[in-house]
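K.L.:
Coordinates for the following, if possible.
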Amino acid sequence: SDGVKEEAADELSSAMTDLALDGGIQVFLKRDMACATIEGSPMMTHDRKRGNFRPTPAAFRVPHIPNEPAAPDPPAQDKTIRSLSSRSKIYVLSSGSDAHDTKDHQENAQRTLLLCGEDGCLRRDVVKDSIVWIEDKKIRPASLADILRVHEYDYINHLENKVLQLSEDVSDKNRSTPVPSFYAPAGYLDSDTPLSRYSLDAAKSFCGAAIHAVDVVLSPSIALGERNPFYSTLPSTNSTPAGYREYVGYEGVGSPGDEAPSTVADRPTGTLSTPARYSTPGKGGSSSMHQDEMEDGRIRTAFVIGRPPGHHAGPNGCVPSDHLWLRPDMTSSGFCLLNTVGIAAAYARYNYSAMDCSGEVEIARGHPPGSRPLRIAIVDIDVHHGNGTEEIVRNLRPREIALPLPSSWAPITRRSYKPWLNEQDAKETMFASINLYADERFYPCSGADSDCTPIENDDQHIINIAMTPIGPGPWDMHGRQKLTNKLKKTLIKQASDEMREKVTTRLLPRLQEFSPDLLFFSAGFDAIYDDMYHFLDEDDFHWLTSSVKHTSKSVISVLEGGYSLSSPVPKSKGRATKDSQDGSSKTSPRNKYAVQPGDGGLVKGVLAHVAALAEAEDWFD
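P.N.:
Residues are numbered from 1 along each chain as shown. Next up is the predicted model:
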């Protein structure tokens with residue numbers, strides 16, 4: 001009978017729960033299943049290595065489990081966020097480019113359409129009042145100078161040659177640089193990273209959007225052509241010292257009370273205090289970032305949407321792990337071409353470090369009394385370790401790197417150093433990653449628990465917080481699909497408790513002590529239960545975003561991963577649910593963040609993340 005079947009299913013669920021809780025990570029490390037692709041959809045194989053270049057399967061979709069709720073209830077949420085009436089607004093920017101054509105690869109154009117397309121989740125009525133959209137036409141691609149602050153020129157030239165291969169009017173014989181025979185064929189950067197003719201252009205546009213986010217958050221009067229809010233702090237024309245201008249950063253144009261030029265084309269050549277992106281070679285920016293947000297009405301938060309993602313791209317592309325020779329198939333760029341958040345952070349550090357902490361207008365080139373260079377923190381919340389970004393941050397001080405060569409070869413090393421502003425970069429830049437880690441079994445085979453304090457590691461702030469794999473891992477898709485919602489609910493609580501405890505005890509105190517002037521999120525949403533890797537839920541992303549966000553007054557979030565693009569629409573079971581019976585359906589976690597039936601993990605995570613960025617507890621009317 002149905003009752004006997006349900007009782008047997010409950011007994012099996014309890015047994016699986018005990019196994020998951022008692023065994024912990026051993027449940028998965030004892031399996032001989034391996035993730036055949038890198039960040040892609042895993043295939044059921046026995047330590048099978050990906051030896052060809054076929055497209056990665058489409059994004060994983062969670063199957064419907066008959067007679068079960070569509071999704072488990074998450075842990076209770078901490079009530080620490082502002083109410084509806086006190087929500088903040090945030091800027092949302094899109095790169096405006098879908099030129100990175102990856103066909104049916106799981107990292108595809110549908111990801112951005114679901115967020116900011118005409119019917120994207122951020123266009124929903126309950127969300128749109130908290131968003132100020134920045135027009136695509138205001139965004140221009142990152143310049144080579146911006147890119148080379150973090151990437152090596154040889155790597156950029158290699159990318160250019162790879163996309164040039166796909167040009168119809170360029171034959172192999174006409175390529176400027178010969179490609180070794182063992183390299184990935186045309187259409188792929190490596191075994192896991194597809195390319196199209198305009199992929200590099202799309203990546204540059206995404207980086208340009210992130211750079212523009214820096215400008216609109218730190219210097220909106222210049223970036224948006226708005227009335228300059230700092231005229232009242234300017235001295236009179238007769239007493240203007242070197243470095244001060246009628247327009248902040250502009251020489252000999254206008255007077256107090258005038259509006260700044262509305263377009264870049266209309267703006268005159270600037271002085272050394274104008275951001276380099278706006279026709280100037282020097283460093284400078286808005287000085288009000290140290291004032292209280294609610295007092296000056298400034299929008300200090302932005303969310304940047306684009307693709308391809310970037311956090312696995314190091315100075316030279318992919319970053320080999322310590323397990324390179326055990327799992328060479330795990331050494332790929334993980335769908336990434338340019339490190340978007342690294343390029344934007346370097347731009348901010350270089351251009352906005354002549355900052356007067358007392359709230360006065362900055363002085364060009366010099367640091368006035370009470371000022372200090374911009375302190376920048378990057379927090380990566382993607383389920384995969386941000387190994388490319390960490391490598392870029394490690395490159396802020398001179399170091400010697402051993403090349404990943406066959407072990408029978410004599411070692412070869414090279415010196416590497418990519419400063420953003422000066423010799424203090426490493427001391428004034430912080431990187432943290434909250435990621436899943438399972439040695440050589442999970443891409444990118446790095447991100448183990450570590451905590452490099454300034455004393456231990458030459459003034460370098462790097463923290464990796466490793467989350468423990470629980471339940472069927474990404475190498476066991478059949479097991480994951482067969483999970484009952486009772487067990488899934490238990491796994492969600494276990495994942496949530498671990499993440500919150502580690503973030504509370506290890507990350508937040510360090511961030512508060514570091515006191516960043518500008519905080520970046522590398523925002524991936526593939527740790528959510530609807531995706532294929534871990535078991536965080538919407539409330540976890542909201543809590544994590546809010547907790548980290550409040551350590552800095554200026555925040556920019558940049559999209560990384562997240563590949564669950566849809567979920568099953570719950571089937572009516574012909575009887576009222578417990579929520580509808582007690583009238584509490586409005587507080588369902590599937591509704592509180594404006595989630596709609598069929599939304600996948602990417603949309604669910606983004607809606608919760610953006611709610612926290614906007615200081616909203618939920619998206620209820």
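
K.L.:
low-confidence ranges in the stretch 251-400 of the chain?
P.N.:
In the predicted model of the stretch 251-400 of the chain, residues 251-296, 354-372 satisfy pLDDT under 70.

K.L.:
if you set the cut-off to 90 instead, what comes out?
P.N.:
Low-confidence segments of the stretch 251-400 of the chain, defined by pLDDT under 90: 251-298, 321-332, 353-373.

K.L.:
Break down it into its helices, ranges please.
P.N.:
For the stretch 251-400 of the chain, the helices defined by DSSP state H, counting those that start in this stretch cover 293-296, 340-351, 387-394.

K.L.:
Packed most tightly, which of the ones you listed would that be?
P.N.:
Mean neighbour count (mean count of other CB atoms under 10 Å) peaks for helix 340-351 among the helices of the stretch 251-400 of the chain, with a mean of 29. In short, each C-beta sits where N, CA and C put it, glycine included.

K.L.:
That helix - contacts with which helices or strands?
P.N.:
In terms of contacts (3 or more CB pairs under 8 Å, 6 or more residues apart in numbering; DSSP states H and E), helix 340-351 is packed against helix 144-147, helix 199-218, strand 376-380, helix 387-394, strand 518-523, strand 555-559.

K.L.:
the inter-axis angle of the longest one versus strand 518-523?
P.N.:
This means helix 199-218. Counting by axes from the mean of the first three to the mean of the last three CA atoms, to 10 degrees, helix 199-218 lies at 140 degrees to strand 518-523.

K.L.:
Convert the C-alpha atoms of the helix or strand following helix 199-218 to CSV, please.
P.N.:
Downstream of helix 199-218, the next assigned helix or strand under DSSP states H and E is helix 220-223. Extracted C-alpha coordinates of helix 220-223, given in CSV (Å, rounded to 0.1, in the frame of the first residue of the first chain):
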residue,chain,number,x,y,z
PRO,A,220,29.2,58.9,-9.7
SER,A,221,29.5,62.6,-10.5
ILE,A,222,32.1,61.8,-13.2
ALA,A,223,31.0,58.3,-14.2
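
K.L.:
Adding distance to I299, write the helices and strands packed on helix 340-351 out as CSV.
P.N.:
Shown next, in CSV, are the helices and strands packed on helix 340-351 (distance: least, CB to CB, whole Å):
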stretch, distance to I299
helix 144-147, 23
helix 199-218, 7
strand 376-380, 19
helix 387-394, 25
strand 518-523, 14
strand 555-559, 10
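
K.L.:
residue contacts, L113?
P.N.:
By CB atoms under 8 Å, 6 or more residues apart in numbering, L113 lies in contact with 98, 120.

K.L.:
what does the model give it for pLDDT?
P.N.:
Note for L113: predicted pLDDT of 93.

K.L.:
Can you point out the buried residues in the helix or strand where it lies?
P.N.:
Per DSSP H and E, L113 falls inside helix 110-116. Neighbour counts using 16 or more other CB atoms under 10 Å place 110-112, 114-116 of helix 110-116 among the buried residues.

K.L.:
Could you list the low-pLDDT ranges of the stretch 51-200 of the chain?
P.N.:
51-88, 95-99, 101-106, 108-109, 128-129, 135-139, 165-192.

K.L.:
Strands of that one, residue ranges please.
P.N.:
Using DSSP state E, counting those that start in this stretch, the strands of the stretch 51-200 of the chain run over 90-94, 131-134, 188-190, 193-194.

K.L.:
Tell me which of those strands lies nearest to E152.
P.N.:
Between E152 and these, the tightest spacing by CB to CB is seen for strand 188-190, at 15.1 Å.

K.L.:
Around C121, how many other residues sit close by?
P.N.:
Neighbours of C121 under the rule other CB atoms under 10 Å: 22.

K.L.:
Once you drop chain neighbours, what's closest to it?
P.N.:
Distance criterion CB to CB, 6 or more residues apart in numbering; nearest residue to C121, sequence neighbours excluded, is V603 at 4.6 Å.
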